[in-house]
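Chemist: pasting a predicted model and its sequence here:
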Amino acid sequence: MMRGGVSAARPATEETQKIADEVKSQLEEKENRKFPVFKAVEFKSQVVAGTNFFIKVLVGEDEFVHLRVFRSLSHENTPLELSDYQTNKTKNDELKYF
């Protein structure tokens, strides 16, 4: 993958779920609600000055959110950041750059 280009969508991995779990509280605070279900189902990544992860997350019955999470370069030792998110998504909505 070229630096700056977004990868193809891939099934979520254990690492993807850990990333989603780490920013879950940030999303809950921004949305002012709790998500009893929070299962990463697919993701894309983009290498920049760190990595952007675009993650499709199941948050309820047929309810999905798309997350954009930024992970800085390892030597910067900063927490994951929920850069942006989109609500009211469905299973069939394509995970796109946003």
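Modeler: That came through fine.
Chemist: output the below-cut-off pLDDT ranges for this protein.
Modeler: In the predicted model of the chain, residues 1-3, 76 satisfy pLDDT under 70.
Chemist: what about the strands in it?
Modeler: 10-11, 39-48, 50-60, 63-71, 81-89 (DSSP state E).
Chemist: who are the packing partners of the first one?
Modeler: Read that as strand 10-11. strand 39-48 (3 or more C-beta pairs under 8 Å, 6 or more residues apart in numbering; DSSP states H and E). Yep, even glycine has a C-beta here, placed from its N, CA and C like the rest.
Chemist: could you do the longest one as well?
Modeler: Contacting strand 50-60 under the criterion 3+ C-beta pairs under 8 Å, 6+ apart are the following elements: helix 14-31, strand 39-48, strand 63-71.
Chemist: among the ones you listed, which is nearest Val6?
Modeler: strand 39-48 (4.6 Å; C-beta to C-beta).
Chemist: which other residues reach that closest one?
Modeler: With contact meaning C-beta atoms under 8 Å, 6 or more residues apart in numbering, strand 39-48 is reached by 1, 3-13, 16-17, 19-20, 51-58, 64, 91, 95, 97.
Chemist: just the buried ones from these?
Modeler: Those of the contacts of strand 39-48 that meet the buried threshold are 6, 12, 16-17, 19-20, 52-58, 64, 95, by 16 or more other C-beta atoms under 10 Å.
Chemist: name the nearest of the residues you listed relative to Gln26.
Modeler: Closest to Gln26, out of all of the buried ones among the contacts of strand 39-48 and judged by C-beta to C-beta, is Ala20, at 10.7 Å.
Chemist: these two touch, right, that closest one and Leu67?
Modeler: Yes. Using C-beta atoms under 8 Å, Ala20 is in contact with Leu67, at 6.5 Å.
Chemist: and for the two, which residues touch both?
Modeler: Ile55, Val57.
Chemist: not counting sequence-adjacent ones, nearest residue to Lys24?
Modeler: Distances taken as C-beta to C-beta, 6 or more residues apart in numbering place Phe38 nearest to Lys24, at 5.3 Å, with adjacent residues excluded.
Chemist: residues near the one you found, how many?
Modeler: Phe38 has 18 neighbouring residues, counting by other C-beta atoms under 10 Å.
Chemist: brilliant, that's me finished.
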